[in-house]
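K.L.:
here's my sequence, what's the structure:
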Amino acid sequence: FEDATCMVSGRERLFLANRKGFIKFALRYGYRVHPAYTFGESDSFAAPDFALRARLWFNKFKVPLILAFGDPLVPIFPRRASHLHTVFGEPIQFPLVREPTATDVDLWHGKYVAELTALFEKHKEVAGYGDRTLEII
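P.N.:
The predicted structure is shown next:
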């Protein structure tokens, strides 16, 4: 739920900088990973950028402090005007590394983030988000 915690209306953010467990798993079993991004999620709810560091700190203890408001009539539902647009990139084939080192994980995590960022940049105009940048936190 870290992604929901760091969501801010009008900004494209992913909580991915230190999320590397899936990379280690993909290396351990030689999986393919498909980068994917959904445009419009940050606009589906109004979410303030209030006390982000404190809210992420609470996430360490599995306490979600999510501040989001959707539709005016039913605030727990997304805004009616929001539209989601999901794009998928080419798969990244991970090598089979039974005991991946931290260096292996960092290398392949960097490749995944680079591919995901390139996917975002490639499709942001068509999705209607040409003025935004992808923030990896």
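K.L.:
could you measure from L56 over to G70?
P.N.:
From L56 over to G70 the distance is 22 Å, taken as C-beta to C-beta, to the nearest Å. Using the backbone N, CA and C atoms, a C-beta is placed for each residue, glycine as well.
K.L.:
go on, F22?
P.N.:
Taken as C-beta to C-beta, the span from F22 to G70 is 28 Å.
K.L.:
over to A102?
P.N.:
In this view, A102 and G70 are 40 Å apart by C-beta to C-beta.
K.L.:
cool, and T5?
P.N.:
To G70, T5 is 16 Å away according to C-beta to C-beta.
K.L.:
these two: which is more packed in?
P.N.:
T5 (20 against 17; other C-beta atoms under 10 Å).
K.L.:
now do the SS call for the more buried one.
P.N.:
Secondary structure, DSSP: H, G, I helix; E, B strand; the rest coil: T5 is helix.
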